[in-house]
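Chemist: Need the 3D shape of this:
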Amino acid sequence: MMHLAQSGTQNPLVPNTTELILGLVAFFVIFGVLARILLPRITRTLEARTDQIEGGLRRAEEAQAEASRVLAEYRAQLAQARHEAARIREAAKEEAAQIVAQGRAEGAAERQRIIDSASAQIEADRQHALASLRAEVGALAVELAGRIVGESLADEARQARMVDRFLAEIERQPRGVAAR
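Modeler: Numbering: from 1, shown residues only. I've put the predicted structure just below:
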């Protein structure tokens with residue numbers, strides 16, 4: 001090292017003072033220009049990005065809160081719809097039971113009306129058949145009696161009395177005797 005100091009050459013590790021001062025002045029000028037012009041722009045850009053990111057996060061949180069609110073509302077409506085559907089099903093079941101009961105009651109009433117009507121018709125037919133049978137039996141009895149007696153029994157009043165006596169005797173006899 002000494003050898004270099006004696007030879008008059010400058011040490012490469014020690015800078016030249018003039019270059020050092022010029023370098024420092026140039027550095028501070030460039031630093032000042034950058035600080036005045038570029039630094040505010042960089043700061044604004046970073047703040048804009050920060051605002052954009054925070055705004056995006058805030059909007060995302062608001063959208064998530066809105067989605068949660070809508071989901072809760074949807075679930076409430078769904079529960080209400082299920083409840084309403086259950087209520088409608090129950091009402092339909094009750095109405096069906098009423099319709100069935102009403103149908104049964106109407107069917108029973110119709111059945112009873114048909115039975116009553118048939119019974120009345122049967123009774124009327126029986127009375128008609130009995131009257132017709134009475135007339136035929138009476139006519140046969142008068143004709144038979146006229147043949148037995150040998151004279152005409154044309155008198156209506158006498159015929160009616162005779163038929164009535166004959167039928168009354170038949171009705172008085174026990175069932176087993178009349179069948180012989």
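Chemist: Can you name the next helix or strand after whatever helix or strand residue 81 lives in?
Modeler: Element membership for residue 81 (DSSP states H and E) is helix 39-149. The first helix or strand that comes after helix 39-149 along the chain, using DSSP H and E, is helix 156-172.
Chemist: helices or strands up against that next one?
Modeler: helix 39-149 (3 or more C-beta pairs under 8 Å, 6 or more residues apart in numbering; DSSP states H and E). All C-beta atoms are positioned from the backbone trio N, CA, C, and that covers glycine.
Chemist: The helix it packs on to helix 156-172, inter-axis angle?
Modeler: 110 degrees (axes from the mean of the first three to the mean of the last three C-alpha atoms, to 10 degrees).
Chemist: average pLDDT across helix 39-149?
Modeler: For helix 39-149, mean pLDDT rounds to 89.
Chemist: so what secondary structure elements neighbour that helix?
Modeler: Under the contact rule (3+ C-beta pairs under 8 Å, 6+ apart), helix 39-149 is packed against helix 156-172.
Chemist: count of residues packed around residue 37?
Modeler: 10 (other C-beta atoms under 10 Å).
Chemist: swap that for residue 142, please
Modeler: 21.
Chemist: hang on, isn't it packed against residue 162?
Modeler: Yes. Contact criterion C-beta atoms under 8 Å: residue 142 and residue 162 qualify, at 6.6 Å.
Chemist: ok now the helix holding residue 81, how far from the chain's centre?
Modeler: 10 Å (C-alpha atoms, centre = their mean, to the nearest Å).
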